[in-house]
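>>> got a sequence here, can you model it:
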Amino acid sequence: MRILSIDEKELNHWLEGISNGCRDREQDLMSAVMPSLGLMAGRMLRRFPKVREWAEVDDIAQDAAIRLLRALRSMPKLTPDHFEVLALTQVRRQLHDQARQAGRKMKSDSKDMNRFSLEDSADEGPEPAETPAEPTFLDRWSDMHELVEKMPVREREAFSLTFYHNWTTPQIAELFQVDDRTIRRWYEAACDHLRQTMGSENPLV
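A predicted model of the protein is given here:
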């Protein structure tokens, strides 16, 4: 395992139990995986501007754990490697939701600030209120994350494991049992899709 600090044999034992509806093994797995989910969340926060100002790592990990458990109940017979990708995906989706919430809050705060500014300066004549750059920038990031989630699974995971989780091309190739060139092709296809869809609005440009 590359990120999850869980014994692979023990993980298989828990996954088999969960696929058979064993609630005790669900609790055991969640207790064991929480530290790793927190580590994932902490690393990924660097890719989500402003989210760290509105959310704590522990809260993100807790919500991601709930998402993960729900997914496990509907996806029996996962391998340990697939479980790791699933865990990473749930953390990423939770951060994406937090980014959207932060964006809405920042927009609301920005409107209030602009309104107060106009009211306070009425005697001197109103000046055009500036819209802070952060909400717009956050919108672009949120749009990008949403587009990534809608990509075909190969392009999505090649991009996500590289961009969000800093996996190397050989590591991803090993996971999917393909050669390095195939992973690079999937990754480039994902980047091309983002450029074509978002154009100059793509935060990666």
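>>> which parts of this structure belong to which domain?
As assigned by automatic domain parsing, the chain contains the domains 8-129, 151-205.
>>> for the longest one, what is the average pLDDT?
Right, the one you point to is domain 8-129. Confidence over domain 8-129, taken as the mean pLDDT, stands at 76.
>>> contacting residues around stretch 72-92?
Applying Cβ atoms under 8 Å, 6 or more residues apart in numbering, the external contacts of stretch 72-92 come out as 1-4, 8, 11-12, 15, 18-19, 26, 29, 33, 36-37, 40-41, 44, 60-61, 64-65, 67-68, 71, 145, 157, 160-161, 164-165, 175. The C-beta positions use only the backbone N, C-alpha and C, and glycine is treated the same way.
>>> just the buried ones from these, in ChimeraX syntax?
Selection command for ChimeraX covering only the buried members of the contacts of stretch 72-92, criterion 16 or more other Cβ atoms under 10 Å:
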select :3,4,11,15,18,26,29,33,36,37,40,41,44,60,61,64,65,67,68,71,145,157,160,161,164,165,175
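>>> restricted to helices, list the contacts of stretch 72-92.
8, 11-12, 15, 18-19, 26, 29, 33, 36-37, 40-41, 44, 60-61, 64-65, 67-68, 71, 145, 157, 160-161, 175 (DSSP state H).
>>> how much space between Leu175 and Thr79?
Counting by Cβ to Cβ, to the nearest Å, the separation of Leu175 from Thr79 is 10 Å.
>>> Arg140: which of the domains of the chain is closest?
domain 151-205 (5.1 Å; Cβ to Cβ).
>>> any idea how far that closest one is from the chain center?
Relative to its parent chain, domain 151-205 has a centroid offset of 14 Å by Cα atoms, centre = their mean, to the nearest Å.
>>> average pLDDT across it?
Model confidence over domain 151-205 averages 84 on the pLDDT scale.
>>> pull out the buried positions in the helix or strand harbouring Glu188.
Glu188 belongs to helix 180-198 when assigned by DSSP states H and E. Taking 16+ other Cβ under 10 Å as the basis for neighbour counts, the residues of helix 180-198 that come out buried are 182-183, 186-187, 189-191, 193-194, 198.
>>> and for it, what's in contact with it?
Defining contact as Cβ under 8 Å, 6+ apart, one finds that helix 180-198 is touched by 140, 143-144, 147-148, 151, 154-159, 162, 169-170, 172-173, 176, 202, 204-205.
>>> now the buried members of those.
Listed as buried from the contacts of helix 180-198 are 140, 143-144, 147-148, 151, 154-159, 162, 169, 172-173, 176, 202; burial here means 16+ other Cβ under 10 Å.
>>> contacts only, for the nearest residue to Trp14 once chain neighbours are set aside.
For Trp14, the nearest residue in space outside its immediate sequence neighbours is Leu29; the separation is 4.1 Å by Cβ to Cβ, 6 or more residues apart in numbering. Leu29 makes contact with 11, 14-15, 18, 72, according to Cβ under 8 Å, 6+ apart.
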